[in-house]
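Colleague: return a 3D structure for these sequence lines:
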Amino acid sequence: MGRSMRMRSRLTVACLQQDILWEQPEANRHLVEEAFAGVEADILIVPETFSTGFSDTMAAQAEEPEGPTLQWARTFAARHDALFVGTWTVKENGLVYNRLHYVYPDGSYGTYDKGHTFRVSSEASQIARGRRRVVLEWRGWRIKPAVCYDLRFPIWLRQDAVDLPLDYDLLIVCANWPASRHEAWSTLLRARAIENLAYVAGVNRAGTDGTGIPYSGNSAIVDFKGHDIIAAQPDRQVLITAVLDAESLDCFRERWPFYLDKDTL
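Modeller: Numbering: from 1, shown residues only. I've put the predicted structure just below:
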């Protein structure tokens with residue numbers, strides 16, 4: 001099934017709070033297949049660098065733009081008749097990007113390169129920053145992708161429109177956000193939902209990485225009021241799903257048009 005331009009009243013989102021196997025791409029792809037087996041949803045989301053983990057060797061593990069993980073993702077999206085969203089590192093024109101891919105069931109795809117590389121790690125020295133903000137459409141929903149550290153930068157994720165319809169209905173954030181800063185992760189997910197009058201799906205990894213850093217996950221799907229629709233149990237791999245309702249979102253935006261008073265400076 002290709003892309004539909006007709007608005008669906010409801011969108012089912014499934015998020016895997018994955019315990020990523022350290023630097024094992026093939027094993028992680030198989031893990032994702034098993035975790036989503038039998039799942040029916042419109043969007044399937046995995047954490048940042050789901051195939052390798054967030055490691056100091058990300059650049060060395062980077063694939064060609066249409067490498068094995070993309071080919072796998074095409075088959076996976078087609079099998080589930082769903083949009084697949086996840087990141088892995090890609091080398092292109094002499095640079096390496098932490099590239100989020102959104103892969104449609106018909107095999108077509110788009111990309112968003114992480115706009116803010118994490119300077120308190122080796123990522124900033126290995127990975128080039130993306131400069132292009134992206135909003136995609138899937139089954140009539142407008143969706144903005146973001147990656148981990150991007151979540152700290154509200155202007156980068158702000159709705160650009162000054163009237164209805166707003167730029168996006170759903171913000172997706174794929175992350176490797178350590179347990180030591182889980183309060184910031186959880187707070188910022190809800191803040192981005194409130195200030196942008198949008199649903200937010202934040203998908204973080206769980207488990208301990210190959211350097212001993214623990215990740216609690218704290219993945220959540222949040223509504224436009226900042227309330228959890230569903231929150232993942234922390235500290236373990238778990239799959240969460242939620243149904244997003246377009247009518248409720250539209251009614252709230254019309255009843256509370258905060259976007260009309262946005263700063264324009």
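
Colleague: is residue 58 in a helix, a strand, or coil?
Modeller: Put simply, residue 58 is coil when judged by DSSP: H, G, I helix; E, B strand; the rest coil.

Colleague: so what's the spatially closest residue to it that is not a sequence neighbour bridging to?
Modeller: Using Cβ to Cβ, 6 or more residues apart in numbering and skipping the chain neighbours, the partner closest in space to residue 58 is residue 89 (4.8 Å). Any C-beta I mention is one placed from the backbone N, CA and C, and that applies to glycine too. Beta-bridge partners recorded for residue 89 (DSSP bridges): residue 98.

Colleague: distance of residue 89 from residue 54?
Modeller: 10 Å (Cβ to Cβ, to the nearest Å).

Colleague: just to revisit the earlier point, can you name the residues that contact the residue nearest to residue 58?
Modeller: 49, 52, 58, 59, 61, 62, 63, 96, 97, 98, 99, 127 (Cβ atoms under 8 Å, 6 or more residues apart in numbering).

Colleague: one more time with 10 Å, if that's ok
Modeller: By Cβ atoms under 10 Å, 6 or more residues apart in numbering, the contact list for residue 89 reads 49, 51-52, 54-55, 57-63, 67, 69, 96-99, 114, 123, 126-127.

Colleague: what subset of those is buried?
Modeller: Among the contacts of residue 89, those classed as buried by 16 or more other Cβ atoms under 10 Å are 49, 51-52, 54-55, 58-59, 61-63, 69, 96-99, 114, 123, 126-127.

Colleague: so which of these are in strands?
Modeller: 96, 97, 98, 99 (DSSP state E).

Colleague: nearest to residue 174, of the residues you listed?
Modeller: Using Cβ to Cβ, residue 98 comes nearest to residue 174 of these, at 9.7 Å.

Colleague: please identify the helix or strand for residue 38.
Modeller: Using DSSP states H and E, residue 38 is not contained in any helix or strand.

Colleague: give me the pLDDT value at it.
Modeller: We have a pLDDT of 96 for residue 38.

Colleague: count of residues packed around it?
Modeller: Residue 38: 5 surrounding residues under other Cβ atoms under 10 Å.

Colleague: let me see the contact set for it.
Modeller: Counted by Cβ under 10 Å, 6+ apart, residue 38 has contacts residue 80.

Colleague: what sits in contact with each of residue 89 and residue 54?
Modeller: Common neighbours of residue 89 and residue 54 (Cβ under 10 Å, 6+ apart) are 98, 123.

Colleague: which elements pack onto the helix or strand bottoming out on mean pLDDT in the chain?
Modeller: Least confident helix or strand of the chain, by mean pLDDT, DSSP states H and E, is helix 123-126 with a mean of 93. Helix 123-126 sits against strand 95-103, with contacts defined as 3 or more Cβ pairs under 10 Å, 6 or more residues apart in numbering; DSSP states H and E.

Colleague: avg pLDDT for the strand it packs on?
Modeller: 98.

Colleague: other SSEs contacting that strand?
Modeller: strand 43-45, helix 68-80, strand 83-92, strand 109-113, helix 123-126, strand 141-147, strand 170-175.

Colleague: export these to TSV and append columns for distance to residue 183.
Modeller: Output for the helices and strands packed on strand 95-103, formatted as TSV (distance: least, Cβ to Cβ, whole Å):
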stretch	distance to residue 183
strand 43-45	22
helix 68-80	32
strand 83-92	23
strand 109-113	26
helix 123-126	22
strand 141-147	19
strand 170-175	14
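
Colleague: rank those by mean pLDDT and give me the bottom one.
Modeller: helix 123-126 - the lowest mean pLDDT of the helices and strands packed on strand 95-103, at a mean of 93.
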